[in-house]
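Participant: Provide a 3D model corresponding to the input given below.
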Amino acid sequence: MKKPSIPTSPVDRREFLKLGLALGAAGVASAITAPFAFGAEDKPSTGRGLIAPHEVILFQGDSITDAGRNKSKTEANDQGAMGTGYAWLAAAELLVDRPTDGLQIYNRGISGNKVFQLAARWQADCLDLKPSLLSILIGVNDLWHKLQGNYDGTVEVYEKDYRALLERTRRELPKVKLVVCEPFVLRLGAVNDKWFPEFDNYRATAKSMAAAFDATFVPFQTMFDQAAKIASPEQWTRDGVHPSAAGAALMAHYWLRAVNEA
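Facilitator: I've put the predicted structure just below:
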């Protein structure tokens, strides 16, 4: 993958600021005025202006999406039901920017999930909600749990399970707009050299699934790699896997950029 260059002009710095990245750690309430650039092949998909009025939006995934949501709450647009991570931050911005559009936004991420565990609950936690826009971020546990000795999956299993899940989704919801998010890590905390190069194969598989199913692809790894050049990795993630408040804010704004740009 071609590494993006980092421009330094004032215009580029203002462009990064437009992402609305706010620092949440230690009560800091300022924005980073730093460059943020991508190689042509790494730019987020334009998303073809995915979000229409009255959209039913569903975020799915593992703990990064779950973000401590209250699972006893099931209604749309409820902060407790959305958790405290990127899904809620993206939802909140949409609900502020488009208050009359009748958007219904749900979060059904569950901590620890791998792809096959999404599939096991897909009827109740996806298909029954009938989303018109479905965003999935999954894959880090498929390798992490293997490294911990708690799972014997492979990247081939990940691909097979992911493909089957998306095929099922397309059959049941033929008009659904798909967003496939790239799994990501930064090298600190739980993440060490043992993760590589295998983790890169999971990232590549997610990207190939997006292409195969005409989904918008959100390259979160590229985003975090760039962010780690602007500030230390500890600014963006607590343990190399789970984003900090600042990391979640960056994810939310970048997700919105990916699905909203025309």
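Participant: where does pLDDT dip in this structure?
Facilitator: Counting by pLDDT under 70, the ranges of the chain that qualify are 1-48, 262.
Participant: which helix in it runs the most residues?
Facilitator: With DSSP state H setting the assignment, residue counts place helix 155-172 as the longest helix in the chain.
Participant: quick one: that one to chain centroid distance?
Facilitator: 18 Å (CA atoms, centre = their mean, to the nearest Å).
Participant: tell me where the stretch 151-262 of the chain has strands.
Facilitator: Secondary structure of the stretch 151-262 of the chain by DSSP state E, counting those that start in this stretch: the strands cover 177-181, 216-218.
Participant: those strands into JSON lines, with extra columns for mean neighbour count?
Facilitator: The way it works is simple: take the backbone N, C-alpha and C, and place the C-beta from them, glycine included. Formatted as JSON lines, the strands of the stretch 151-262 of the chain follow (neighbours: other CB atoms under 10 Å):
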{"stretch": "strand 177-181", "mean neighbour count": "24"}
{"stretch": "strand 216-218", "mean neighbour count": "24"}
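Participant: need these in CSV with distance to residue 106, can you?
Facilitator: Output for the strands of the stretch 151-262 of the chain, formatted as CSV (distance: least, CB to CB, whole Å):
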stretch, distance to residue 106
strand 177-181, 14
strand 216-218, 18
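Participant: ok, now how distant is residue 138 from residue 180?
Facilitator: Per CB to CB, to the nearest Å, residue 138 is found 9 Å from residue 180.
Participant: intersection of neighbour lists for these two?
Facilitator: Residues touching both residue 138 and residue 180 (CB atoms under 8 Å, 6 or more residues apart in numbering) are residue 206.
Participant: just to revisit the earlier point, helices or strands next to the longest helix of the chain in the packing?
Facilitator: helix 115-120, helix 122-125, helix 140-147, helix 198-212 (3 or more CB pairs under 8 Å, 6 or more residues apart in numbering; DSSP states H and E).
Participant: buried stuff in stretch 58-77?
Facilitator: 58-67, 69, 76 (16 or more other CB atoms under 10 Å).
Participant: please disregard the earlier target; I meant stretch 238-250.
Facilitator: Buried residues in stretch 238-250 (16+ other CB under 10 Å): 240-250.
Participant: coming back round to it: for residue 114, find the nearest of the strands of the stretch 151-262 of the chain.
Facilitator: strand 177-181 (15.2 Å; CB to CB).
Participant: now the angle from that closest one to helix 155-172?
Facilitator: Strand 177-181 and helix 155-172 meet at an angle of 160 degrees, taking axes from the mean of the first three to the mean of the last three CA atoms, to 10 degrees as the criterion.
Participant: for strand 177-181, output the C-alpha coordinates as PDB.
Facilitator: What follows is strand 177-181, C-alpha atoms only, in PDB (Å, rounded to 0.1, in the frame of the first residue of the first chain):
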ATOM      1  CA  LYS A 177     -26.500   0.400   1.400                       C
ATOM      2  CA  LEU A 178     -23.400  -1.200   2.800                       C
ATOM      3  CA  VAL A 179     -20.400   0.400   4.600                       C
ATOM      4  CA  VAL A 180     -17.500  -1.900   5.400                       C
ATOM      5  CA  CYS A 181     -15.000  -0.400   7.800                       C
END
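Participant: just checking, what packs against it?
Facilitator: Here strand 177-181 touches strand 133-137, helix 198-212, strand 216-218, helix 245-260, going by 3+ CB pairs under 8 Å, 6+ apart.
Participant: residue 103: which of those is closest?
Facilitator: strand 133-137 (9.6 Å).
Participant: separation between residue 117 and residue 199?
Facilitator: 19 Å.
Participant: who has more neighbours, these two?
Facilitator: residue 199 (22 against 16; other CB atoms under 10 Å).
Participant: the more buried one contacts residue 143, correct?
Facilitator: Yes. Using CB atoms under 8 Å, residue 199 makes contact with residue 143 at a distance of 5.5 Å.
Participant: which non-adjacent residue is nearest residue 121?
Facilitator: residue 110 (7.5 Å; CB to CB, 6 or more residues apart in numbering).
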